Each structure stands twice: as C-alpha cells, then as structure tokens.
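>>> Only the shape, not the letters, is given here:
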C-alpha cells in the first residue's frame, strides 16, 4: 500500500513537470531593438541622417517620417522628427505639418550655442516648407524647440538650397537665439491689413514661446492707443509689455514698459493707455501715449497705500480707486496667442 502511494506521487510529479516544461518552451522571446521599434507599420520613413548634435556626446540619428496622430478620436497624418541616441528615442517632435518629400536636411549651429540645430527643407502641399528645430542638451537627454520658417522661406522664394538657407540665417552677423532671427524676419513680412498681420505675428511668437530677448511670451491685448483707428498689439513678456503697431503693411516694434505688479487699463479720453500698479506700500498710475511710433510716459498719480489711523494709531492699507484718478478707465482684457478671435472681431 505504501509503495503504491509513492509510485502515484512520483507519477504526479513527473506529469506536472512535463507540463511546466512544455509551457515554458512554447514562449517565443524576441530580442529588444528600440531603433527598429521606433517605426511602426503606420510610419512612412522619409529620411534619416547622423550627426553629433552636442560636442563629445556621440552620434545621434535624426529620423524624419510620416505617421498617424489621433486628436479627439480623429486620425491625422503628420510629419515627425525623432532624435535617437544609443538605440533610445530621446525626443519626438510633431511638426504639425505633412511633408510629401524631404529635399534636404542638415544639422548646424544656427544660434551659436555650440549645439547643432536641425534644418529641414521639404515639400508640403506642393509648397516649399522650412522647419528649424533648435536643439538643447542637458546631462542626460536631448530636447528641441520647433520653429516655422515661413518668413525665411518667403525671403528665399520657392526654390533654394540648404547653403542659401544657411547664408540667410547668418546674414548681417546676427547672433542671438533662433527666436530673434525668426521674429525679425516676421517683422519684415508685408500684409494687407493689421488683422492678418497681428494673427500671423502672434503665430510666430506662439511657436517661438519667447520674444527676441528669450523672455517667455504670455498673453496679449489689442487696443488703439493713439486712437488712429489702427489698434496696437500689446504682448506681455514676463514683467514687461511689448508694444507693436501696424504701419505700411508691416508689424513694427514700438517700445516696452514695465508691467511688474501692474495692470493695463484703457484710456478712452485721448491718446494713451493706462498702467496702474502697487507694490511694497506704494501705488502709481502712469499714462503711456503713442506719437510717431514712439511711446512717452506721464505719471498721473503716485502715493502710499499705508496710512495711520489717527484715532487708534494703527497702520492699515488703503488703495486709491482708479476712477478717482481716471474716471473713464476700464480693465483691458488679455488673451492667449492661440485665441485670435478678439483680433478678428475687434471692430465689431
């Protein structure tokens, strides 16, 4: 009886072991290949080059391809750029455009920061299109900022080489960052009216993310400062307001003024815009007027926000109402650069 039990246990162990072995051997393990996996069946590879973007950081692969992008359930095909290093995808950039072909691609230092940037020339809807990707590198990864080269392309025409693009980007000895180059070229474009000009210019600022000096771009306001029926574009850049106007078919930079701890207000009474603010016990109201594309300032009020209660001797804070200084002043609305409806409907 005991021997019979032992034999049954041995048979059970043997049977279980065989099943386990059969299950394990049926698994097909495939080696991981990240460089190959970066392209799915839906991806259409256009071009790939190698370049050492960052000094002494080794060669990286820059791959350009078309792929599907799903937005709210809608599938859209765009052109993407991958930066691959050591078989690992370090950065994927969506150009939000679809190239039918890439006519040229190169990596060179556009903004003279010792990091090579990526320049692409290609055909999009039969038109020549330029994309400039400013490359950065920290201790571990690459990352990029994408710029649309429409303004540069207009200066070059519809048929040009990469060498001509390089010459244009380096003309006049302009150093600075890529945003300065792109914004400067955008200011040289000609438009039929201020609405199309401001909308296009805001698109450039939104793509850059910073102004000519590398300061982050915030919201904008539109207001006719000098009451000449052509409103000005006022763009907040950190703690400054940059004023642009439209004249002779172009967007012109006028000037800037400090917006730290302040707010913009309309000045219906005449030529000007109000900047009112308060900080560390002081308050002020300033009027900025525009004449011959130049800003002048005038202080309308300056005082203290702290006062001593004559009865108790306690100190308190009290702000002067803006209507006590400028009776018809009112707050100016601000909008995201992506929201251009206020420009389109400005006269309505």
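Happy to help now that I have it. This structure is a prediction, so every number in the text was calculated from the model and none was measured.

>>> Now do the residue lying closest to residue 317 once chain neighbours are set aside against residue 275, distance only.
Closest residue to residue 317 apart from its sequence neighbours, by Cβ to Cβ, 6 or more residues apart in numbering: residue 305 at 5.2 Å. C-beta here means a position set from N, CA and C on the backbone, and glycine is covered the same way. Separation of residue 305 from residue 275 (Cβ to Cβ, to the nearest Å): 17 Å.

>>> More neighbours: these two, which one.
residue 275 (21 against 15; other Cβ atoms under 10 Å).

>>> Run through who's touching whichever strand or helix holds the more buried one.
Under the criterion of DSSP states H and E, residue 275 resides in strand 273-279. Here strand 273-279 makes contact (Cβ atoms under 8 Å, 6 or more residues apart in numbering) with 223, 225, 234, 241, 257-267, 283-288, 300, 305, 319, 322, 325-326, 329, 332.

>>> strands paired with it, and their directions?
According to DSSP bridges, strand 273-279 forms sheet pairs with strand 262-266 (antiparallel), strand 282-291 (antiparallel).

>>> Show me the shaky parts of the stretch 101-250 of the chain.
For the stretch 101-250 of the chain, the stretches flagged by pLDDT under 70 are 138-155, 171-178.

>>> quick one, strands of it?
101-108, 117-124, 127-137, 142-148, 217-223, 232-237, 240-247, 250-258 (DSSP state E, counting those that start in this stretch).

>>> Could you dump the ones you listed into a markdown table and include mean neighbour count and distance to residue 211?
Formatted as a markdown table, these follow (neighbours: other Cβ atoms under 10 Å; distance: least, Cβ to Cβ, whole Å):
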| stretch | mean neighbour count | distance to residue 211 |
| --- | --- | --- |
| strand 101-108 | 16 | 24 |
| strand 117-124 | 21 | 19 |
| strand 127-137 | 20 | 15 |
| strand 142-148 | 19 | 13 |
| strand 217-223 | 20 | 6 |
| strand 232-237 | 22 | 5 |
| strand 240-247 | 20 | 6 |
| strand 250-258 | 17 | 9 |
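
>>> so which of the ones you listed gets nearest residue 163?
Closest to residue 163 of these is strand 101-108 (Cβ to Cβ; 9.3 Å).

>>> and that closest one, what does it pack onto?
strand 44-51, strand 60-71, strand 117-124, helix 162-169 (3 or more Cβ pairs under 8 Å, 6 or more residues apart in numbering; DSSP states H and E).

>>> which parts of the next helix or strand along the chain from the second one are buried?
Same thing as strand 60-71. Sequence order places strand 74-85 as the next helix or strand after strand 60-71, per DSSP H and E. Across strand 74-85, burial judged by 16 or more other Cβ atoms under 10 Å covers 78-85.

>>> Return the member of these nearest to residue 44.
Distances from residue 44 to the buried residues of strand 74-85, taken by Cβ to Cβ, are shortest for residue 79, at 9.3 Å.

>>> Break this protein down into its domains, please.
38-166, 190-348 (automatic domain parsing).

>>> could you dump those domains to CSV with distance to residue 181?
Formatted as CSV, the domains of the chain follow (distance: least, Cβ to Cβ, whole Å):
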stretch, distance to residue 181
domain 38-166, 7
domain 190-348, 9
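
>>> Which one of the ones you listed lies nearest to residue 179?
Of all the domains of the chain, domain 190-348 comes closest under Cβ to Cβ, at 4.1 Å.

>>> Show me the residue sitting in the middle of this structure in space.
residue 209 (3.3 Å; Cα atoms, centre = their mean).

>>> and residue 284, how far is that from residue 52?
From residue 284 to residue 52 the distance is 53 Å (Cβ to Cβ).

>>> for residue 201, same thing?
Counting by Cβ to Cβ, the separation of residue 201 from residue 52 is 35 Å.

>>> Which residue of these two possesses the greater neighbour count?
Taking neighbours as other Cβ under 10 Å, residue 201 and residue 52 compare with residue 201 leading, 25 against 12.

>>> surely that one meets residue 252?
No - contact criterion Cβ atoms under 8 Å: residue 201 and residue 252 do not qualify, at 10.4 Å.

>>> Quick check: neighbours shared by these two?
With Cβ under 8 Å, 6+ apart, residue 201 and residue 252 have common neighbours 187, 244.

>>> tell me which element residue 307 is part of?
strand 306-308.

>>> tell me what that strand is packed against?
Strand 306-308 packs on strand 315-317, going by 3+ Cβ pairs under 8 Å, 6+ apart.

>>> Could you list the paired strands of the strand it packs on along with their orientation?
With DSSP bridges as the test, strand 315-317 pairs up with strand 306-308 (antiparallel).

>>> what's next to the partner strand, contact-wise?
281, 314-318.

>>> Determine how far stretch 49-68 lies from the middle of the whole chain.
Counting by Cα atoms, centre = their mean, to the nearest Å, stretch 49-68 is centred 21 Å from the centre of its parent chain.

>>> The nearest residue to residue 314 once chain neighbours are set aside bridge partners, please.
Closest residue in space to residue 314, ignoring its immediate chain neighbours: residue 308 at 7.3 Å, by Cβ to Cβ, 6+ apart. Following DSSP bridges, residue 308 is listed with bridge partners residue 315.

>>> Roughly how far does residue 308 sit from residue 81?
Going from residue 308 to residue 81 by Cβ to Cβ gives 64 Å.

>>> what's the answer for residue 136, then?
14 Å.

>>> Check residue 216 too.
For residue 216 relative to residue 81 (Cβ to Cβ), the value is 24 Å.
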